[in-house]
Structure formats: C-alpha cells, structure tokens
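In: Got a predicted model here, sequence first, then my questions.
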Amino acid sequence: MLLDAGDDQHKVRLHIWWPDDRVPEQIHNHAWYFSSTVLTGALRFQIYQTAPEGEAKLRYRSMPPQRDRTGYRMRQMGSATLVCAFDALLREGTIYTLNHQVFHRVANANDGVTGTIIIHGPFLREYSDIMADEPIDQQQEIRVHHFTIPELRSRVEAFLTAMER
C-alpha cells in the first residue's frame, strides 16, 4: 500500500505482476469500488456475470482478519454459474473503474513486468466474493505475505527498471 489516509475512505496501492505471474487469479469482486491505471506492461482483464448456461463455480465469502487473527477466512456460500462477458488486453496507459460487485480477474499478459496503480474507495461491505473451481479449506486462514525490506527494495528496483523502458 502506498497511501492509507487512515480514515478508511481511500487507499492507493501499487500492484506488480512479474513475468512468471501468468496464471489468472480466481474470479472475485471487492468490498470497495476502485480505479486502476496500467503503468507498464499489459493485463488480460476479464469480467464475469452470473448466467444459467455458465460455468459452475463454488462461491466463497472472504472475510478479513479478526483482531486476534492474521489471515483471511473463507466461508462457502453455495455455487453459481458464470460466463465471461468481457475479455480484453489492457495495455500501458489504460484506465478502468469497477463497481464493488463486479466479478473479474486479471493476469499478466506480457513477458515482462506489469504494474498498476489503484485507488480504492471506502469499504462498502466487510467481505469479497471469490469464485473457485475447487473447494477451498474453510478451516485454514489465508495469510497475506508481507515483504521484508530487502525483498521490497529488490522488487521496487526491478519495477522501476521496467518503467524506464
């Protein structure tokens, strides 16, 4: 996170996808609306909608960590069928905005580093939904990896090198 106003109203984040991040993430939505700009590289960006003839997915609710915990918790909320309603390559300079309810996923779409800067608004609810192909262990907390200072320095330097190209 680059900026946290501390009032839960807006946050600024830098997302970086590395050349080996070619596998699309799970289809999901967020607890907030956001706008994003592709700074370098390209993303494959897909939007999904529920539809009776779609692909069957397991629907999970991702709950943020409680005060005495360090990881996200998942709770199965049934299933749904989804169809891909939009599939595009978003190149450097592309700006897009999404509502908190929109199901989507992204993946790095080039052989180099892809970076985006994201501004997200206030939390509109306390969860996000994740659509999964396989069951997710609801007993296991999903921990967020926090980089050490040397790891962060190395990654930021690699990203800045990519931005100079």
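Out: On my side now, so go ahead.

In: Does Arg59 touch Ser128 like I think?
Out: No. Counting by CB atoms under 8 Å, Ser128 is not a contact partner of Arg59; they are 11.3 Å apart. In this view, the C-beta of every residue, glycine as well, is placed from N, C-alpha and C.

In: What are the boundaries of the helices in this protein?
Out: Secondary structure of the chain, counting by DSSP state H: helices at 149-164.

In: Which parts of this structure are strands?
Out: If DSSP state E is used as the criterion, the strands of the chain fall at 3-4, 11-17, 27-28, 34-40, 42-63, 71-91, 95-98, 103-108, 114-120, 128-132, 142-143.

In: Please name whichever of those strands is nearest to Met163.
Out: Nearest to Met163 among the strands of the chain is strand 34-40; the distance by CB to CB comes to 5.3 Å.

In: tell me which residues in stretch 156-165 are buried?
Out: Neighbour-count burial for stretch 156-165, counted by 16 or more other CB atoms under 10 Å, picks out Phe159, Ala162.

In: Could you list the residues in contact with it?
Out: Contacts with stretch 156-165, where a contact means CB atoms under 8 Å, 6 or more residues apart in numbering, come from Leu14, Ile16, Trp18, Leu39, Thr40, Gly41, Gly112, Val113, Gly115.

In: and those residues as CSV, adding pLDDT, distance to Glu25 and neighbour count?
Out: Below are the contacts of stretch 156-165 laid out as CSV (pLDDT from 0 to 100; distance: CB to CB, whole Å; neighbours: other CB atoms under 10 Å):
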residue, pLDDT, distance to Glu25, neighbour count
Leu14, 89, 17, 15
Ile16, 89, 14, 18
Trp18, 85, 14, 15
Leu39, 93, 19, 19
Thr40, 91, 19, 20
Gly41, 91, 16, 25
Gly112, 84, 19, 16
Val113, 88, 17, 22
Gly115, 92, 16, 20
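
In: Quick check: the farthest pair among the residues you listed?
Out: Leu14 and Gly112 (16.1 Å).

In: hang on, the earlier thing: tabulate the strands of the chain (a markdown table), appending distance to Phe159.
Out: A markdown table is the format used below for those (distance: least, CB to CB, whole Å):
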| stretch | distance to Phe159 |
| --- | --- |
| strand 3-4 | 17 |
| strand 11-17 | 5 |
| strand 27-28 | 24 |
| strand 34-40 | 8 |
| strand 42-63 | 15 |
| strand 71-91 | 17 |
| strand 95-98 | 19 |
| strand 103-108 | 13 |
| strand 114-120 | 6 |
| strand 128-132 | 25 |
| strand 142-143 | 23 |
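
In: between the ones you listed, which one is nearest to Ser154?
Out: strand 11-17 (11.6 Å).
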